[in-house]
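Enquirer: model this:
(chains A and B)
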Number of protein chains: 2
Amino acid sequence: MDHSHLTEKTIGSEEILKGRFLHAYRDTVSMPDGTHATREYVVHPGAVMVVAQLDNGDLVMERQYRYPMKAAMIEFPAGKLDPGESPLVCAQREFLEETGYTAREWARAGLIHPVISYSTEFIEIWFARGLTPGQRCLDAGEFLDVFTATPADLMAWCRDGKITDAKTLAGALWLQNVQLNNWTLPW
Amino acid sequence: MDHSHLTEKTIGSEEILKGRFLHAYRDTVSMPDGTHATREYVVHPGAVMVVAQLDNGDLVMERQYRYPMKAAMIEFPAGKLDPGESPLVCAQREFLEETGYTAREWARAGLIHPVISYSTEFIEIWFARGLTPGQRCLDAGEFLDVFTATPADLMAWCRDGKITDAKTLAGALWLQNVQLNNWTLPW
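Expert: Numbers count the residues shown, from 1 in each chain, chains lettered A, B, ... in the order given. Here you go, the predicted structure:
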């Protein structure tokens, strides 16, 4: 499909923030009608999220304080890609570091973009099964609880607003459709 | 539940970016173990998203170029809150401006947080029905296509990666569970 009537073309780009974590640019773009506009956005290395099920079907979840929310949030385990790291290697590393589990089987579900209007971030969703518990190894200054929940708990918490994290809601969409046999995972 | 073993307390805050669109802060926080850390985040006014169904069940969708993605993305209609604006008024305004539709009935589904690690953004999800088409009225410099899709189209596009926008995936989760009679909307 031709999207040229929607497409914005880059004319210029300047760095507007080089923080310790946030890195942002302001680009000048040419709009479809030839007028100019500015676009400001955060550059992000990308991340992975892990939907992991124990042999009894329970899910490995985390509770972590998220400072911009001023609240402890329930989430699937996730983490940012290191430079040059493949998403699967990142998924395995973060899952082990944060929860202590290793998994015998992994399947890539899909890709999400959490904030398409002002960040380049993507998150790959991976499923894991055949779990073996072990010792977690949090980064210095990392504090999070690991716990298990049933898929029914997960769905009730999404419905009731106890889970509002968008990546975790996307994981719930995948899990539900896999369980309904609507969607198939490439194990 | 007591989350004090996870909670980070604010010690200081400085503005690190006052852009035309992005507004960011770097806070110094006290971690649960008493050590200090920095947290950088974008401040956002909040937004609404509209899951609107025609009388035949089809959904009102948009295709819009999202510059950080360098792609035209399929989304549910959405927009940012104006200062002091209630989410419902914002939903009705943005839906009319972008699509031309008005709706007879509105129901609040839930709340999502697209990027809990580095933005204060929230998005309220509203459902709309009893639609009447009319004339849309895009802001200057706004370019987007409006089209309709069946719920089956929506779910297939979420599965196949044609839809990767996290808010739209969360809307699909709500729609599916409403259609399955798992979740109820307060019409």
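Enquirer: how close does the closest residue to A:Gly134 other than its chain neighbours get to chain B?
Expert: Nearest non-adjacent residue to A:Gly134, counting by CB to CB, 6 or more residues apart in numbering or on different chains: A:Gly100, 4.5 Å away. C-beta: built from backbone N, CA, C; applies to glycine. Separation of A:Gly100 from chain B (CB to the nearest CB, to the nearest Å): 18 Å.
Enquirer: Relative to A:Val48, how far out is A:Gly100?
Expert: Using CB to CB, to the nearest Å, A:Gly100 is found at 17 Å from A:Val48.
Enquirer: These two - which one has more neighbours?
Expert: A:Val48 (27 against 17; other CB atoms under 10 Å in any protein chain shown).
Enquirer: That one is in what secondary structure piece?
Expert: A:Val48 belongs to strand A:47-52 when assigned by DSSP states H and E.
Enquirer: The next helix or strand after that strand packs against which elements?
Expert: As assigned by DSSP H and E, the chain's next helix or strand after strand A:47-52 is strand A:59-66. When contacts are defined as 3 or more CB pairs under 8 Å, 6 or more residues apart in numbering or on different chains; DSSP states H and E, strand A:59-66 sits against strand A:47-52, strand A:71-75, helix A:87-99, strand A:144-149, helix A:151-160.
Enquirer: quick check: angle from strand A:59-66 to strand A:144-149?
Expert: Computed by axes from the mean of the first three to the mean of the last three CA atoms, to 10 degrees, the angle separating strand A:59-66 from strand A:144-149 equals 150 degrees.
Enquirer: Helix A:151-160 and strand A:59-66, what's the angle between them?
Expert: Orientation check (the same axes, to 10 degrees): strand A:59-66 against helix A:151-160 gives 40 degrees.
Enquirer: How many residues are close by the closest residue to A:Asp139 other than its chain neighbours?
Expert: Excluding the flanking residues, the one nearest A:Asp139 by CB to CB, 6+ apart is A:Glu97, at 7.1 Å. Neighbour count for A:Glu97, taken as other CB under 10 Å: 15.
Enquirer: and what of A:Pro77?
Expert: 24.
Enquirer: Hmm, A:Val48 and it touching each other?
Expert: No - counting by CB atoms under 8 Å, A:Pro77 does not reach A:Val48; the two are 9.0 Å apart.
Enquirer: Could you pull out the residues contacting both of those two?
Expert: Residues touching both A:Pro77 and A:Val48 by CB atoms under 8 Å, 6 or more residues apart in numbering or on different chains: A:Glu94.
Enquirer: tell me the contacts of the residue positioned nearest the centre of chain A?
Expert: In chain A, the residue lying closest to the centroid (CA atoms, centre = their mean) is A:Ile123, at 3.9 Å. A:Ile123 sits next to A:Gly46, A:Ala47, A:Val48, A:Met49, A:Ala78, A:Leu111, A:Ile112, A:His113, A:Pro114, A:Lys167, A:Ala170 when contact means CB under 8 Å, 6+ apart.
Enquirer: Let me know the closest of those residues to A:His3.
Expert: When the contacts of A:Ile123 are compared for distance to A:His3 (CB to CB), A:His113 wins out at 16.4 Å.
Enquirer: that older thread, against which helices or strands is the strand holding A:Val48 packed?
Expert: strand A:59-66, strand A:78-80, helix A:87-99, strand A:123-132, helix A:166-179.
Enquirer: tell me the pLDDT at the closest residue to A:Gln135 other than its chain neighbours?
Expert: Computed as CB to CB, 6+ apart, the closest residue to A:Gln135 that is not its neighbour in sequence is A:Gly100, at 5.2 Å. Note on A:Gly100: pLDDT of 97.
Enquirer: That'll do, ta.
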